[in-house]
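> Sequence unavailable; structure follows:
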């Protein structure tokens, strides 16, 4: 469906924002409007304004366009990727399959080990959703794993190569400035962002400004050529509750707002990355500050985790924060798996993280009063009350898991017609008792 790009291959700027500002409605915008049940002119105007992005690299031809922004439904991202200790292309493709099956809206390839180019190429070719990266991982890899070997020339070369491959959004840590280092020293946990820590190491070694900040205009030139959206990274996101909403985090957020305006001047799409660990009572304020400092650019949040003691269950603690964040304005939620803080996720961990975040995103859409968001919930209520078990399974976010749990105790097909489950049994089902009351006392209950 993206053949339309062939007619624009000679355009100097090829971004959705550029076309939107020219008053042009692209096929990608039309597709998004149909999927989101939005007016196509609203989609165009929101992209032009910067409140909605369509991350869609011109070289990712098998992509189904999607939107991230307040006007669209709340989205989720799934992180995958190899490590220096575990590198396997087939394993990453399996994670892509799981991500697509259970409903991830975007995928980030965070590979740090193995043949990074081959892994990324395979992931993009296999994925029908946008693929994002954190380019500093490959930049360091190509510099012999020594951050001090990083040069701006090598950095830009890697960015261009990934853009040519079809990466639809880059997380770059351009808002972390040398002047912010004293704020880091006051923290309980310092810097928990891998990209942020690498930038800190380089800046302190050379006593120079962040190279991503220094070369920002050159980065924008690459992005506008391939329509790579920028996910402006939160190098100084809090890694524990004690560091939430501190000078370091909010100081960087203000710089990200400045970088947003500079990107929009060159028609480059932008979203802002948000905090990692935040107490429940601070989440709403964080969402409001992002809208204020970053001019309503879409907010992409990691969790946030609402407690620091849920290791092994951080997909739950973070989904709580994600639901609240989505309710108060976050446009995309970056999932957390049960392995967070503990190890490299496998395919099953990806499944668990995605489902937790699909729940959070859907809950946020309902809370925000999105048209039609609750329709499927109402259908589920009808199916439950009428004991339509197969329909219940179909409506679930994870039909296989729902059927598996039901069938643990009542596996025979005859029980798919039963008016009870194994929890209450045939005599103590509240639905059935209520229905019998209504049948016996129609006048009192107001039924016909």
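Ah, there it is. Note that this is a predicted model, so its numbers are computed, not measured.
> Let me see the ranges of the strands in the stretch 101-250 of the chain.
Using DSSP state E, counting those that start in this stretch, the strands of the stretch 101-250 of the chain run over residues 106-109, 131-133, 169-172, 229-232.
> same question but for the stretch 251-400 of the chain, I mixed them up
270-274, 299-302, 332-334.
> and those as JSON lines, adding mean pLDDT?
What follows is the strands of the stretch 251-400 of the chain, written out as JSON lines (pLDDT from 0 to 100):
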{"stretch": "strand 270-274", "mean pLDDT": "97"}
{"stretch": "strand 299-302", "mean pLDDT": "97"}
{"stretch": "strand 332-334", "mean pLDDT": "98"}
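> okay if I get the ones you listed as TSV plus distance to residue 425?
All C-beta spots, glycine's among them, are computed from the backbone N, C-alpha and C. As requested, the strands of the stretch 251-400 of the chain are exported to TSV (distance: least, Cβ to Cβ, whole Å):
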stretch	distance to residue 425
strand 270-274	47
strand 299-302	43
strand 332-334	39
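> Relative to residue 49, which of the strands of the stretch 101-250 of the chain is closest?
strand 229-232 (14.8 Å; Cβ to Cβ).
> any idea how far that closest one is from the chain center?
Computed by Cα atoms, centre = their mean, to the nearest Å, the chain-centroid distance of strand 229-232 equals 12 Å.
> Given it, what are its sheet partners and their directions?
Paired strands of strand 229-232, with direction, are strand 169-172 (parallel), strand 270-274 (parallel) (DSSP bridges).
> Can I get these in TSV including mean neighbour count?
What follows is these, written out as TSV (neighbours: other Cβ atoms under 10 Å):
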stretch	mean neighbour count
strand 169-172	26
strand 270-274	26
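> would you list the ones you listed in a markdown table and tack on distance to residue 195?
Shown next, in a markdown table, are the strands paired with strand 229-232 (distance: least, Cβ to Cβ, whole Å):
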| stretch | distance to residue 195 |
| --- | --- |
| strand 169-172 | 7 |
| strand 270-274 | 10 |
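> Figure out which of those is closest to residue 187.
Closest approach to residue 187 among the strands paired with strand 229-232 (Cβ to Cβ): strand 270-274, 17.4 Å.
> Sketch out the low-pLDDT regions of the chain for me.
The chain contains residues with pLDDT under 70 at 1, 447-448.
> If we use 90, what do you get?
Across the chain, the ranges flagged by pLDDT under 90 are 1-3, 5-12, 82-88, 112-114, 141-145, 344, 408-448.
> Show me it divided up by domain.
75-367, 375-445 (automatic domain parsing).
> right, so those domains: which one is the most enclosed?
Of the domains of the chain, the one with the most neighbours on average (mean count of other Cβ atoms under 10 Å) is domain 75-367, at a mean of 21.
> Just the terminal-to-terminal distance for it.
For domain 75-367, the first-to-last residue distance is 14 Å (Cα to Cα, to the nearest Å).
> that older thread, which one of the domains of the chain lies closest to residue 45?
Here domain 75-367 is closest among the domains of the chain (Cβ to Cβ), at 13.0 Å.
> For the domains of the chain, give me JSON lines that also has distance to residue 22.
Formatted as JSON lines, these follow (distance: least, Cβ to Cβ, whole Å):
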{"stretch": "domain 75-367", "distance to residue 22": "9"}
{"stretch": "domain 375-445", "distance to residue 22": "36"}
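> now the strands of the stretch 101-250 of the chain in a markdown table, with distance to residue 303?
Converted to a markdown table, the strands of the stretch 101-250 of the chain look like this (distance: least, Cβ to Cβ, whole Å):
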| stretch | distance to residue 303 |
| --- | --- |
| strand 106-109 | 15 |
| strand 131-133 | 17 |
| strand 169-172 | 16 |
| strand 229-232 | 16 |
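> Quick test: name the residue nearest the centre of the protein.
Nearest residue to the geometric centre of the chain (Cα atoms, centre = their mean): residue 77, 2.8 Å.
> my hunch is that that one is in a strand, does that hold up?
Yes: assigned with DSSP: H, G, I helix; E, B strand; the rest coil, residue 77 falls within a strand.
> Confirm for me that it is in contact with residue 130.
No: using Cβ atoms under 8 Å, residue 77 is not in contact with residue 130; the gap is 9.1 Å.
> Spit out the residues that contact these two alike.
Taking Cβ atoms under 8 Å, 6 or more residues apart in numbering as the contact rule, residue 77 and residue 130 both touch 106-107.
> ok so, going back, of all the strands of the stretch 101-250 of the chain, which one is nearest residue 248?
Set against residue 248 and scored by Cβ to Cβ, the strands of the stretch 101-250 of the chain come closest in strand 229-232, at 15.6 Å.
> so residue 188 sits right up against residue 241, yeah?
No: contact between residue 188 and residue 241 fails when scored by Cβ under 8 Å: they sit 9.0 Å apart.
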